[in-house]
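S.K.: Sequence first, then the predicted structure, then my questions.
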Amino acid sequence: MTRVVSVAAFVVVVGFIVFVVNQTAQVVALARTLSPTFGQVVLIALLIVYALVVVVAVVMFVRLPRALRPPSDATSPEYASYLKRLGARLTANPHLAGDQGPLRDRAGIDAALEILRTKARETMKRTASRVFLSTAISQSGRLDGLMVLAAQTRLVWQIAHIYNQRPTLRDMAQLYANVGATVFVVSEIEDLDVGEQIEPLITAVLGDSVLGLVPGAGVVATIVARSALDGAANAYLTLRIGAVCEQYCESRTAASRKDVRRYASVVAARMLGSVVSESAGALGKAIVTAAKKKGAAAFASGASRLRSLGSRMTPRKRPEGPPGEMRP
């Protein structure tokens, strides 16, 4: 089974690399339509950005302490030793500075992990909100995948930094395989039906949105709904990636990958509602504002054309002729 998972992860990673190369080629081709020199500059800039992202992420991630591997049984003799080492690790965590004293018992460790979990969830929520808005507004298949990739890669590093430890290489391979699958083949990593999770949320949000205040905004509402569905799906998958990383970093007992995926799906579904409700209002206002501007521009253009047409149709005033002369 392990070999099958490793092969599957390798295939996903290779496919993801091919996907990035393809997206880069499309962006460069788009730039070359403006100017061949500009296309070359874009290609070099993207390669430099990719190299910097990889090098900086690897260096900063490797500098984090290795993850403490929890025992599979909380009643085992190794568990007390694990809690002691975990308590020492948490005591030195800069995110807990001034919040906790020396952590020597299970209650103190649980309280410290709860603080870190709260901070990790705030980071997940901010990242998911940015992904929601950027992909909902962008609606560009060429760039959305790259934006989601950058956001999720950064999110993994941020959560690992909050817990002040890095998951094992095996966990990281699985985690980034999930990131790659999210960008490359989204449906392959979903344990829950995203549409099933999102549809009632979108309905509730749109019912209370500013669109109800705009007469005749049915078309705009449809655009907002489609954009919100796309953004919410990407936000859900981003939250799911963050929850998987969170579980790898804070698990007090060894958990199977199936349990981790189920946990991540439940956490992401619970957090999705607040992300959508807070972000959809901004999305709706942006689209309505754009629609109003377009409508005002169209109205002004139409009025100008009517005035021009009216001036051409209005008879010119002619000089009056002698009395009794007929004028047409």
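M.R.: Yep, that arrived.
S.K.: Could I get the pLDDT score of the nearest residue to Gly87 once chain neighbours are set aside?
M.R.: Closest residue to Gly87 apart from its sequence neighbours, by C-beta to C-beta, 6 or more residues apart in numbering: Leu103 at 3.6 Å. (Glycine included, C-beta is placed from N, CA and C.) Among the per-residue scores, Leu103 holds a pLDDT of 72.
S.K.: Show me the shaky parts of the stretch 51-200 of the chain.
M.R.: 60-61, 64-67, 97-102, 138-144, 165-200 (pLDDT under 70).
S.K.: just the helices in it please.
M.R.: Here the stretch 51-200 of the chain has its helices, by DSSP state H, counting those that start in this stretch, at 77-91, 106-138, 141-162, 169-184, 194-207.
S.K.: Which neighbouring elements make contact with the first one?
M.R.: Under the contact criterion of 3 or more C-beta pairs under 8 Å, 6 or more residues apart in numbering; DSSP states H and E, the helices and strands touching helix 77-91 comprise helix 106-138.
S.K.: Between helix 141-162 and the helix it packs on, find me the angle.
M.R.: Angle of helix 106-138 versus helix 141-162, following axes from the mean of the first three to the mean of the last three C-alpha atoms, to 10 degrees, is 160 degrees.
S.K.: Measure how helix 106-138 sits relative to helix 77-91, angle-wise.
M.R.: 60 degrees.
S.K.: Which elements pack onto helix 106-138?
M.R.: helix 77-91, helix 141-162, helix 218-250, helix 257-313.
S.K.: Just the buried positions in that helix, please.
M.R.: 108-109, 112-113, 115-117, 119-121, 123-125, 127-137 (16 or more other C-beta atoms under 10 Å).
S.K.: And stretch 152-162, by the same measure?
M.R.: Neighbour count says stretch 152-162 has Gln152, Thr153, Leu155, Val156, Trp157, Gln158, Ile159, Ala160, His161, Ile162 buried, by 16+ other C-beta under 10 Å.
S.K.: What is the nearest of those residues to Ala233?
M.R.: Gln152 (13.5 Å; C-beta to C-beta).
S.K.: wait, the closest one sits on Leu239?
M.R.: No. With contacts counted by C-beta atoms under 8 Å, Gln152 stays clear of Leu239, the gap being 10.1 Å.
S.K.: list the contacts for Ala57?
M.R.: Thr153, Trp157 (C-beta atoms under 8 Å, 6 or more residues apart in numbering).
S.K.: Return the distance of it relative to Ala280.
M.R.: Taking C-beta to C-beta, to the nearest Å as the measure, Ala57 falls 31 Å from Ala280.
S.K.: And for Arg257?
M.R.: Distance from Arg257 to Ala280, by C-beta to C-beta: 33 Å.
S.K.: Compare the two (neighbour count), which wins?
M.R.: Ala280 (26 against 11; other C-beta atoms under 10 Å).
S.K.: Please verify my assumption that that one contacts Ala228.
M.R.: Yes. Counting by C-beta under 8 Å, Ala228 is a contact partner of Ala280 at 5.2 Å.
S.K.: Next, count neighbours for Leu30.
M.R.: 14.
S.K.: so how far is Ala151 from it?
M.R.: From Leu30 to Ala151 the distance is 22 Å (C-beta to C-beta).
S.K.: for stretch 89-96, how far is the first residue from the last?
M.R.: 11 Å (C-alpha to C-alpha, to the nearest Å).
S.K.: Please identify the buried residues of it?
M.R.: So stretch 89-96, judged by 16+ other C-beta under 10 Å, has buried residues Arg89, Leu90, Thr91, Asn93, Leu96.
S.K.: Could you dump those residues into CSV with distance to Arg63 added?
M.R.: Converted to CSV, the buried residues of stretch 89-96 look like this (distance: C-beta to C-beta, whole Å):
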residue, distance to Arg63
Arg89, 15
Leu90, 18
Thr91, 19
Asn93, 15
Leu96, 19
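S.K.: nearest to Pro77, of those?
M.R.: Arg89 (19.9 Å).
S.K.: The closest one reaches Asn164, doesn't it?
M.R.: Yes. If you go by C-beta under 8 Å, Arg89 and Asn164 touch, sitting 6.8 Å apart.
S.K.: quick check, Leu34 in a strand?
M.R.: No. Assessed by DSSP: H, G, I helix; E, B strand; the rest coil, Leu34 does not belong to a strand; its assignment is coil.
S.K.: give the contact list for it.
M.R.: So Leu34 contacts nothing (C-beta under 8 Å, 6+ apart).
S.K.: Skipping adjacent residues, who's closest to Phe38 in space?
M.R.: Using C-beta to C-beta, 6+ apart, the closest residue to Phe38 is Ala31 (5.1 Å).
S.K.: for the helix or strand hosting that neighbour, packing partners?
M.R.: Using DSSP states H and E, Ala31 falls within helix 2-32. If you count contacts as 3+ C-beta pairs under 8 Å, 6+ apart, helix 2-32 packs onto helix 36-62, helix 141-162, helix 169-184.
S.K.: buried set for the longest one?
M.R.: Read it as helix 36-62. Gly39, Val42, Leu43, Leu46.
S.K.: Which pLDDT does the model give the second one?
M.R.: It stands for Val42. pLDDT, read off for Val42, is 89.
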